[in-house]
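In: Fold the following for me, if possible:
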Amino acid sequence: MKYWLGNARLETGVVRDGARVVATETGLFDMLIDGGKIVDVKLAGTVDKTGIATKNAKGFLVVPSFVEKHIHLDKTKLGAPWSAVTPVNSIVERFSLETDELRALPVKMADRTRVLLDTELRNGTTAFRSHIDVHPRAGLEYLETVQSVLQEYAGKLDAELVAFPQHGLLRSDSVALVREALQSGATLIGGVDPGNVDGDVERSLETMFDLAVAHDAGVDIHVHDRGEIGKATFWKLLELTREAKWQGRVAVSHAFALGDFDGNEKIELFGALAAERIAIVTSVPIGGQIPPINDLEAAGVTVHVGCDNVYDCWSPYGNADLLERVGRLGELTGRVTEQALGQSLGLITNGVTPLDKAGEQVWPMVGDDANLVLVDASCTAEMVARRSARMATIFRGNVVAGEL
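Out: Have a look, this model is predicted:
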């Protein structure tokens, strides 16, 4: 569909008081959308729109749509009757109980997945990386269910699926199942705590990378382990990334052990993560451990924020709102200035921000995908700090949530 998106508020630069950024400059623009791309951007009211459809952005701020780097589309209880979390004594007890609890829900997984996707779309997310449980008790059932639902959402979002052996790749003897999942549409391999769940850091990670290389799959692993076990996991992960030449294809979620590095060891490890382009994903848990995000970014490490749990057997909380999560991270890491808040948007957009660190406009550019969110805010900094209302979400030029 070809149309002009008129009266779109875009960021154009910054206002400085000396070296300090004190405000963000914006203007109203007309954006020509065609074939899912942004093909022209003009000052509002300066172009003849005769013969071309128009939509009115009404002066709302337009920013890149969000990218969800950590979600579990198969686990949510959204759409099912309320139930709080059953207390357990260990992660093993939790994931063992989870399988039974999910099967007992009166609302099918496909319906719950749809509710979660619709919620994320309304909140501005159009790209997803979802971990999908693969283990002997589930087989490929969860994967096939989510794949079927995603087919319904073709043209509304992008998605990539992680074959996730939640019960332990080795512990649950899931190697063959994970291999089958990678042959059946999953494009990444996951894992959880090679030390405390699988009981063998080296063998667990080596098996994971063997599968990744054999199937040309990315790696995205959950590492909750702290202390020496967690630290050993990171050093081994770096070694295997180098050996496989898997730079830019590895991510670590949670990564609590990064808070246990200090001094020269911390400098060495963080520098190596940046050099090997290993990304860190945090869900910004309240009252829990989060990796030292500011230090990681200062070292050049790629960091993403994801929602992770959204009302499931692990947590009764979560609202599938990445903007809320990145605002929470801003509070916890002291991001209060105009520039720091504005740049924080990149944590939920794969690094894309309207302005670069120098305050120069770098988005949108002609040729960019028309993946946009219209927000009731004056600028990105306000949006992040105030968790501003999303008015519409656009994916490849199509309005997929809200109204225009």
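
In: My guess is Leu323 contacts Arg386. True?
Out: No. The criterion here is C-beta atoms under 8 Å, and Leu323 misses it with Arg386 at 9.5 Å. (C-beta placed from N, C-alpha, C; glycine too.)

In: With neighbour numbers in mind, choose between the two.
Out: Neighbour count, other C-beta atoms under 10 Å: between Leu323 and Arg386, Leu323 has more, with 24 against 15.

In: that's a helix at that one, yeah?
Out: Yes. With DSSP: H, G, I helix; E, B strand; the rest coil as the criterion, Leu323 is located in a helix.

In: residues in contact with it?
Out: Counting by C-beta atoms under 8 Å, 6 or more residues apart in numbering, Leu323 makes contact with Phe66, Asn123, Gly124, Ile348, Met383, Val384, Arg387, Ser388, Arg390.

In: Of those residues, which belong to strands?
Out: Among the contacts of Leu323, the ones falling in strands (DSSP state E) are Phe66, Arg390.

In: mind putting the contacts of Leu323 in TSV, distance to Leu188, neighbour count and pLDDT included?
Out: Listed next are these as TSV, based on distance: C-beta to C-beta, whole Å; neighbours: other C-beta atoms under 10 Å; pLDDT from 0 to 100:
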residue	distance to Leu188	neighbour count	pLDDT
Phe66	19	30	99
Asn123	23	21	98
Gly124	23	29	98
Ile348	19	27	98
Met383	30	26	98
Val384	28	25	98
Arg387	30	18	98
Ser388	32	21	98
Arg390	28	25	98
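
In: and of the contacts of Leu323, the nearest to Ala19?
Out: Distances from Ala19 to these, taken as C-beta to C-beta, are shortest for Val384 (21.6 Å).

In: shouldn't Asp308 be in contact with Leu73?
Out: No. Counting by C-beta under 8 Å, Asp308 does not reach Leu73; the two are 11.8 Å apart.

In: So which residues of the stretch 1-150 of the chain form strands?
Out: 3-17, 20-34, 37-43, 53-56, 61-64, 66-71, 125-133 (DSSP state E, counting those that start in this stretch).

In: Reformat those strands into JSON lines and put distance to Ile394 next to each item.
Out: Formatted as JSON lines, the strands of the stretch 1-150 of the chain follow (distance: least, C-beta to C-beta, whole Å):
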{"stretch": "strand 3-17", "distance to Ile394": "8"}
{"stretch": "strand 20-34", "distance to Ile394": "8"}
{"stretch": "strand 37-43", "distance to Ile394": "10"}
{"stretch": "strand 53-56", "distance to Ile394": "9"}
{"stretch": "strand 61-64", "distance to Ile394": "9"}
{"stretch": "strand 66-71", "distance to Ile394": "12"}
{"stretch": "strand 125-133", "distance to Ile394": "8"}
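
In: can you tell me which of these comes nearest to His304?
Out: Comparing those by C-beta to C-beta, strand 66-71 comes nearest, at 4.0 Å.

In: Tell me the helices and strands packed up against that closest one.
Out: helix 109-122, strand 125-133, strand 278-282, strand 303-305, helix 322-332 (3 or more C-beta pairs under 8 Å, 6 or more residues apart in numbering; DSSP states H and E).

In: Can you tell me which of the ones you listed is packed in deepest?
Out: For the helices and strands packed on strand 66-71, average neighbour numbers computed from mean count of other C-beta atoms under 10 Å are highest in strand 125-133, which has a mean of 26.

In: Give the pairing partners of it; include direction for each.
Out: Paired strands of strand 125-133, with direction, are strand 66-71 (parallel), strand 158-164 (parallel) (DSSP bridges).

In: Averaged pLDDT, the next helix or strand after the longest one. What do you get?
Out: It refers to strand 158-164. Counting by DSSP states H and E, the next helix or strand C-terminal to strand 158-164 is helix 175-182. Average pLDDT, helix 175-182: 98.

In: now swap in stretch 203-216 and tell me
Out: 98.

In: How far does it sit from its chain's centre?
Out: Averaged C-alpha coordinates place stretch 203-216 at 23 Å from its chain's average position (C-alpha atoms, centre = their mean, to the nearest Å).

In: tell me which residues in that stretch are buried?
Out: Ser204, Leu205, Glu206, Thr207, Met208, Phe209, Leu211, Ala212, His215 (16 or more other C-beta atoms under 10 Å).

In: Please identify the buried residues of the worst-scoring helix or strand of the chain on mean pLDDT?
Out: Among the helices and strands of the chain, helix 91-104 carries the lowest confidence by mean pLDDT, DSSP states H and E, at a mean of 92. For helix 91-104, a neighbour-count test (16+ other C-beta under 10 Å) marks Ile91, Arg94, Phe95, Glu98, Thr99, Glu101, Leu102 as buried.

In: residue ranges with poor pLDDT in the stretch 101-250 of the chain?
Out: Residue ranges of the stretch 101-250 of the chain with pLDDT under 70: none are present.
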